[in-house]
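Enquirer: next comes the sequence, and after it the predicted model I'd like to discuss.
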Amino acid sequence: MPIESPAIHWLDDHLLLLDQRRLPAHTEWLDVRDAAGAADAIRQMAVRGAPAIGITAAYGLALEALRLGPGASAARLAPALDVLAASRPTAVNLFWALDRLRARFDGEPGAALGKRLVREAERIHQDDQAANQRLGELGAALLPPNASLYTHCNTGALATGGHGTALGIVRSAWRNGHLKMVFAGETRPWLQGARLTAWELMQENIPVTLVADSAAGLLMARGQVDAVVVGADRIAANGDTANKIGTYNLAVLARHHRLPFIVAAPDSTLDPAMENGAGIVIEERDPDEVRRFGGTAMAPDGCPVYNPAFDVTPAELITAIVTESGVIRSPDRQALADHFARRPS
Ligand SMILES: CSC[C@H]1O[C@H](OP(=O)(O)O)[C@H](O)[C@@H]1O
């Protein structure tokens, strides 16, 4: 008999299993009942996107406590914490969410502990939805009227039950009548742009044109792009930003073509403990993600592959970082520090 809890409801209703053989993006819902299941969903990128990874880890730990029932305790939850923390290394939101739940371990163990963890996981989820709405409005206000945007990767709203981060800006701009077109880079090798961004925007009749990643430079050279908007997985104290592989390339192109390069991310993606981008762990993934697409070989079997899932964009290439609590223009160490000082606690 499955454990009845809001956490399971969320996991059933919002996890996208990216099916590598068919488009559009999702084909079935994952059935997650414990921390190990949540960690698998994160590791396999059935759930992806920094905020969604944090939310899923929070619900996964809460589910583990519910599964333990009267036996739930900090000591017995420790292995589940480790499994979730080891699922993916780059997005800071995963560790930030686990820290928030760990802070709820103190107090009555057992069923009471399970209830506290479910409530905290739901707060993290609700906070993220509100953050994305606010962030979208603040970011859209930075755009020129009738803007054509270039996006890369992106969390789909369905994945988080919210508005996504860069997609939050797209939706707000569309709602305000300030959006002409979104050029969505396919985002090799996982094709998040093709399978999530293009799919989500078409669901909402927002104008989108899917392009190969290699077309970004031509679009900018032809003056067809007014701004580049991307998400983030971890933002260091000096503003260096880790995001999906290929983001750094776009930042260099945007600088060359004198285009705004905007990073959209909730405050939970800021990592003040990380000195700069050099310290950010870049996840390397299965070489077959590059060699194959679904069942189709895209390269000779056994061909050597380097498959980093993220890169780091130096702060000096970023025009602004938009979070739910404000816009950090020309981000550097001082600008981030000022942001933290201004941010409502
Ligand atoms: C706005 S979600 C943050 C970030 O997460 C994605 O990574 P992944 O698809 O590997 O989970 C991508 O880098 C997004 O920009």
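Expert: Sure thing, it's come through. Residues are numbered from 1 along each chain as shown.

Enquirer: so residue 336 touches residue 237, yeah?
Expert: Yes - assessed by Cβ atoms under 8 Å, residue 336 is found in contact with residue 237 at 5.8 Å. (Each C-beta comes from the backbone N, C-alpha and C, glycine too.)

Enquirer: need the residues touching each of these two.
Expert: With contacts defined as Cβ atoms under 8 Å, 6 or more residues apart in numbering, the residues shared by residue 336 and residue 237 are residue 272.

Enquirer: alpha carbons only: can I get stretch 195-203 in CSV?
Expert: Extracted in CSV, the C-alpha atoms of stretch 195-203 (Å, rounded to 0.1, in the frame of the first residue of the first chain):
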residue,chain,number,x,y,z
ARG,A,195,12.4,18.3,-25.9
LEU,A,196,11.3,20.7,-23.1
THR,A,197,11.6,24.3,-24.0
ALA,A,198,10.2,24.0,-27.6
TRP,A,199,7.5,21.6,-26.3
GLU,A,200,6.5,23.8,-23.4
LEU,A,201,6.4,27.0,-25.4
MET,A,202,4.3,25.4,-28.1
GLN,A,203,1.9,24.2,-25.5
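
Enquirer: that stretch near the ligand anywhere?
Expert: No - Stretch 195-203 is not in contact with the ligand by Cβ under 6 Å from any ligand atom; minimum separation 8.4 Å.

Enquirer: tell me the gap between that stretch and the middle of its chain.
Expert: 16 Å (Cα atoms, centre = their mean, to the nearest Å).

Enquirer: where does the stretch 201-345 of the chain have low pLDDT?
Expert: By pLDDT under 70, the weakly predicted segments of the stretch 201-345 of the chain are 344-345.

Enquirer: residue of it closest to the ligand, please.
Expert: Residue nearest to the ligand within the stretch 201-345 of the chain: residue 231 (2.6 Å; Cβ to the nearest ligand atom).

Enquirer: pretty sure that residue sits against residue 165.
Expert: Yes - under the criterion of Cβ under 8 Å, residue 231 makes contact with residue 165 at 4.4 Å.

Enquirer: what touches both of the two?
Expert: In contact with both residue 231 and residue 165: 49, 154, 155, 264, 265, using Cβ under 8 Å, 6+ apart.
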